[in-house]
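Participant: Predicted structure and sequence below. I'll ask about it afterward.
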Amino acid sequence: MKPINDLIHPSEQHIQTTNPLSRYSKPARLIEKATTNPEAVIKEVFAEITPGDLTDDLLPSWLHVAITASTYSENNGGEILTEFYEWLVLLVEALYIVSETSPQSQPTHLTADQQANPMEVINGFFQLFSIEYARRELCDFIDAGIGYDGNYPDGFSPWLAWMTYNHIICLVEAAFQLYFIHEIKDAHLLIINAVPVENLCG
């Protein structure tokens, strides 16, 4: 009988003739592209779901479930989540405007000024909520959404909560990159403006 170390598992026979890097590979997930191509990520999310479906259907149902879950039933957790949610709805609509040259649907939560300056909404979101906080809050939000043991409203379900989370986290991560790029540009202009003109000339 061969020693155990000499035995080859049937599946390992393929490995010996195939490059493991090509055998064990999968396409990049959408969220993995947020850092390098945030605009494309935003467009792809809205190609799969309309902003109205998120802001007027899925997000309100998710909030309703989460507010009654144990995660947010103590102290002021529900109040803080609601504040985050209200900004999240504005962020979704602002990102839709930024991503579309000819929007197919009209925002229902943004003011006229916000619609004219959607980048200000994006900046306002991240000036209020750090990206670390947003990630952690969304994790608690989805935990409450899929761990709810009551009756889900309006056909909402753990699967829809998970799907909504995947769309929202992609939008938030992409939005943060837009905010980061915008802040870098502003900082660069401030530096340029602070340098005496004679120092800018050779």
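Facilitator: Okay, I see it.
Participant: where do the helices sit along the chain?
Facilitator: Assigned by DSSP state H, the helices in the chain fall at 12-15, 20-23, 38-48, 51-53, 59-67, 77-99, 112-116, 118-128, 131-146, 158-194, 197-200.
Participant: what's the angle between the fifth one and helix 158-194?
Facilitator: What it means is helix 59-67. 100 degrees (axes from the mean of the first three to the mean of the last three CA atoms, to 10 degrees).
Participant: Which other helices and strands does helix 59-67 contact?
Facilitator: helix 77-99, helix 131-146, helix 158-194 (3 or more CB pairs under 8 Å, 6 or more residues apart in numbering; DSSP states H and E). C-beta here means a position set from N, CA and C on the backbone, and glycine is covered the same way.
Participant: and the angle from that helix to helix 131-146?
Facilitator: 80 degrees.
Participant: Grab the most central residue of the chain for me.
Facilitator: The chain has residue 169 as the residue nearest its centroid, 2.3 Å off, counting by CA atoms, centre = their mean.
Participant: Give me the neighbour count for the closest residue to that residue other than its chain neighbours.
Facilitator: Nearest residue to residue 169, sequence neighbours excluded (CB to CB, 6 or more residues apart in numbering): residue 138, at 5.7 Å. For residue 138, the tally of surrounding residues (other CB atoms under 10 Å) stands at 16.
Participant: Is residue 138 in contact with residue 165, as I believe?
Facilitator: Yes: counting by CB atoms under 8 Å, residue 138 touches residue 165, with 6.5 Å between them.
Participant: any idea how far residue 119 is from residue 30?
Facilitator: 22 Å (CB to CB, to the nearest Å).
Participant: who has more neighbours, these two?
Facilitator: Shown here are residue 30 and residue 119; by other CB under 10 Å, residue 30 has more neighbours (18 against 13).
Participant: How about the more buried one: what's its closest non-neighbour residue?
Facilitator: residue 170 (5.3 Å).
Participant: before we move on, back to that, mind giving me CSV with the helices and strands packed on helix 59-67 and columns for mean pLDDT and distance to residue 53?
Facilitator: Listed next are those as CSV, based on pLDDT from 0 to 100; distance: least, CB to CB, whole Å:
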stretch, mean pLDDT, distance to residue 53
helix 77-99, 95, 10
helix 131-146, 95, 16
helix 158-194, 83, 9
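Participant: Sweet, I'm off.
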